[in-house]
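1. got a sequence here, can you model it:
(one chain, ligands or ions: 2)
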Amino acid sequence: MASLSTALQLGFIPPPPAAAANSKKNLLLLLDKQLPQQASSTSHQFVDKKSPSSSTAVFSQSGCSIARKQQQQLNGRSLLRTGKCPVLGYSIQLLLPESQKDSIRIKRQLEIHAHAEDASSKGDDTKRHVAMQSLPPGMSTALGSPPVEVEKFPVPDGYSGWNIADLEPFLSITVVGATGDLARNKIFPALFALYYGGSLPKKVAIFGFSRSILSNEEFRELISESLLCRVDLDNEDCGDKTELFLQSVYYEHGNYSGCDGMSKLDERLQQVEGAGEANRIFYLSLPHNVVLEVATCLSADAQSKRGWTRLILEKPFGFDSESSARINQGLLRGLDENQIYRIDHHMGKELIENLTVLRFSNLVFEPLWTRTYIRNVQVIVAEDQGIDGRGRYFDQHGVIRDIVQSHILQTIALFAMEPPVSLDGEDIRNEKVKVLRSMRKVTLDDIVLGQYKSSISNDGKYTVPGYTEEPGVNPNSLTPTFVAGVFYIDNARWDGVPFLIEAGFGLIEHKVEIRIQFHHVPGNLYRGRFGLNGDTAMNELIIAVQPDEGIFLKINNKVPGLGVHLDSSELNLLYRDKYEAESLPDSYERLILDVIDGDNHLFIRGDELDAAWALLTPLLEDIAKHKVVPELYTFGGRGPVGAYYLAAKHNVPLTDQC
Ligand SMILES: NC(=O)C1=CN([C@@H]2O[C@H](COP(=O)(O)OP(=O)(O)OC[C@H]3O[C@@H](n4cnc5c(N)ncnc54)[C@H](OP(=O)(O)O)[C@@H]3O)[C@@H](O)[C@H]2O)C=CC1
Ligand SMILES: O=C1O[C@H](COP(=O)(O)O)[C@@H](O)[C@H](O)[C@H]1O
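-> Ligands and ions are numbered 1, 2, ... in the order given. Below you'll find the model as predicted:
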């Protein structure tokens, strides 16, 4: 590995190109290398005599005081970023006129030099000579400040350092609420799948943070139970990869009352990150009542000083307009909106992400995406399970807050938006928010509420407890476990088109689906062949989001043979037949990767949230004020009968009800 002074003496760092001498911006390259424990630090200053005004570069072995001082000296001339305190190791901070080519060239030269040193240490002088030949001629150097003490930190376990030539920033992903159900069953498995598939950066550390007191090893044991090698069909590398992944996993415990926990976490992160550029993601997988407190401390004490910080927030995003606004305002005191990723895992499902592709890259669909051709749209989120041990949470929130507020409204917004200017996250979110703000106020007449009751199981063998018998639920609860509703978007594209939504638990099947029904063909020459019910001939596009992903188009077709008999057939794109089922990533994988990439188009922006709550809060208040009694329905059935009347009232034929 190259030592700093030899690197300078050998002159493998070239002077900046003359062409770039007038560039106003400078480029900072921050390169890290582990030093032995006893190392002291030196700072070196290099002046290129040919163009002194543009080529001053500062090299320093770590010591935060040095780094800060240099930043002041160079203020206004550089993109220099310093951390609070570097860890054991040194950094070379190189300020050069901005040029991507330069950075690549320098990186390459550092790699060659490291290679040469490595060859030399192994006694291979020929290899060393060949490597050194490809480096540029020397340049003049001048030594700067005298050596100073390096601040020493213990090297964290599992940390193996990295190559000086590796310019990739460090990334830490901290899951707060790491012992919880969501973290164990979804977030860590998703991180593992990303790691397995090579989608995480090389310099990565995964942290779990919770109140429970656990060692790194105990925590690794806890999450290892749910790590599946989904990506590797043959499971060939499963054991090795799991071990390697777990070596990058650390645990820190702390309380959420007060900011001590986040300060402690910050120190721990710094130890692992090293002295270079370091980005941080925090995933708050916590009960909603502690989210704001944690986010406030985190933004004050644990944001990266040497890279970006992004925060992932789980639903529920508040309880109503007022609480949601309060949380947003609180978050924005310490963070910019573009640092906040409000996650709705439904948006990461393959078929939801495909919505924009389907619509905007197929000429056959986009022209039809309007009231002129579309008669109604149905968005269905049906669960065959009950509320499954989440009684305390669910009884306060109910199905409208749990499913409609985010999953269904976000789906409608993406489905119904105008073509965005580009695929950029802000352009897409600008269009989504317009849809939400164009939605008509919903009244009690536009909805049907239901609640599953104690029922005999479908096989007749046992009794399923009703919702009000679930642990944590008030026995007199009026909280709905089912809702059907009709929304209208009052804009030019969708005027008069009913969007029928259904969301419920304890239904006959688990299904997430978007159904688009088209108008009858005007003056259809074959209408005489359809019988009395013209709706059977209606074209219908079905986007099956889960469990069996697919896209189906119902068309009228001539039954082969003599004579003209028509039937309604399906053009069928069933994903499991067409693609490898295992290749479909879990929605958390996709969305976490989007956060790493800074792609926010599937995440909910603050103004979208405001618009969604503005639509639902008056309805929720009316439901509470009038103590609307939900219609009881059989567990494992098709939901309340009222939903059928509601659909009929809005002229929505239910062709394939769950
Ligand atoms: N589970 C799921 O599938 C989904 C969950 N969500 C949302 O994600 C978030 C996390 O969900 P989930 O993992 O199920 O939640 P949990 O109830 O399992 O809580 C997560 C962790 O937070 C800590 N915790 C629990 N209660 C408190 C408390 N009162 N104060 C401080 N910390 C507490 C616990 O860790 P410790 O005691 O070690 O600190 C717990 O392990 C919630 O907001 C939920 O609504 C969203 C979609 C789906
Ligand atoms: O967010 C939620 O989603 C789940 C359904 O998720 P899925 O990926 O299995 O479709 C739902 O059960 C839960 O109530 C809700 O909070």
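2. distance between stretch 243-255 and the chain's centre?
-> Here the centre of stretch 243-255 is set off from its chain's centre by 20 Å, with CA atoms, centre = their mean, to the nearest Å.
3. quick one: residues contacting the residue of the chain found nearest ligand 1.
-> With CB to the nearest ligand atom, the shortest gap between the chain and ligand 1 falls at Gly180, namely 2.4 Å. C-beta here means a position set from N, CA and C on the backbone, and glycine is covered the same way. Contact analysis of Gly180 by CB atoms under 8 Å, 6 or more residues apart in numbering lists Ser210, Ser285, Leu286.
4. so which of those residues are in helices?
-> When helices are assigned by DSSP state H, not one member of the contacts of Gly180 lies inside them.
5. so for the residue in the chain that ligand 2 sits nearest to, what's the pLDDT?
-> Nearest residue of the chain to ligand 2, counting by CB to the nearest ligand atom: Asp402, 4.8 Å away. pLDDT, Asp402: 97.
6. am I right that it falls within a strand?
-> No. The assignment for Asp402, made by DSSP: H, G, I helix; E, B strand; the rest coil, is helix rather than a strand.
7. returning to that earlier point: which of the contacts of Gly180 lies closest to Ala416?
-> Taking CB to CB as the measure, Ala416 sits nearest to Ser285 out of those, at 30.3 Å.
8. what average pLDDT does the helix or strand in which Thr617 is found get?
-> Assigned by DSSP states H and E, Thr617 belongs to helix 606-625. Per-residue pLDDT values over helix 606-625 give a mean of 98.
9. what's that helix packed up against?
-> Under the contact definition 3 or more CB pairs under 8 Å, 6 or more residues apart in numbering; DSSP states H and E, helix 606-625 sits against helix 321-334, helix 409-416, helix 425-437.
10. which residues sit against it?
-> 317-318, 320-322, 324-325, 328, 332, 337, 340, 342, 400-401, 404-406, 409-410, 413, 429, 432-433, 436-437, 439, 441-444, 447, 449, 480, 604, 628.
11. after that helix, next one along is what?
-> Immediately after helix 606-625, counting by DSSP H and E, sits strand 631-634.
12. any idea how far that following strand is from the chain center?
-> 36 Å.
13. beyond that strand, next helix or strand please.
-> helix 642-649.
14. can you verify my assumption that the residue of the chain closest to ligand 2 contacts His288?
-> No. The pair Asp402 / His288 is not scored as a contact, 11.7 Å apart, by CB atoms under 8 Å.
15. and the pLDDT for the residue of the chain closest to ligand 1?
-> 95.
16. give me the domain ranges for the chain.
-> 4-143, 170-314, 350-585+597-649 (automatic domain parsing).
17. start and end of the last one, how far apart?
-> Right, the one you point to is domain 350-585+597-649. Domain 350-585+597-649 has an end-to-end distance of 33 Å (CA to CA, to the nearest Å).
18. my guess is Asn338 meets Asn600, correct?
-> Yes. Asn338 lies in contact with Asn600 (CB under 8 Å); the separation is 7.0 Å.
19. excluding chain neighbours, what is closest to Val272?
-> Ala205 (4.7 Å; CB to CB, 6 or more residues apart in numbering).
20. most packed of the domains of the chain?
-> Highest mean neighbour count of those: domain 170-314, a mean of 20 (counted as mean count of other CB atoms under 10 Å).
21. end-to-end on it?
-> End-to-end distance (CA to CA), domain 170-314: 24 Å.
22. that one close to ligand 2?
-> No. Domain 170-314 does not reach ligand 2 (CB under 6 Å from any ligand atom); its nearest approach is 8.5 Å.
23. same list, the contacts of Gly180, but as JSON lines with distance to Ile543 and pLDDT please.
-> As requested, the contacts of Gly180 are arranged in JSON lines below (distance: CB to CB, whole Å; pLDDT from 0 to 100):
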{"residue": "Ser210", "distance to Ile543": "38", "pLDDT": "97"}
{"residue": "Ser285", "distance to Ile543": "29", "pLDDT": "97"}
{"residue": "Leu286", "distance to Ile543": "33", "pLDDT": "95"}
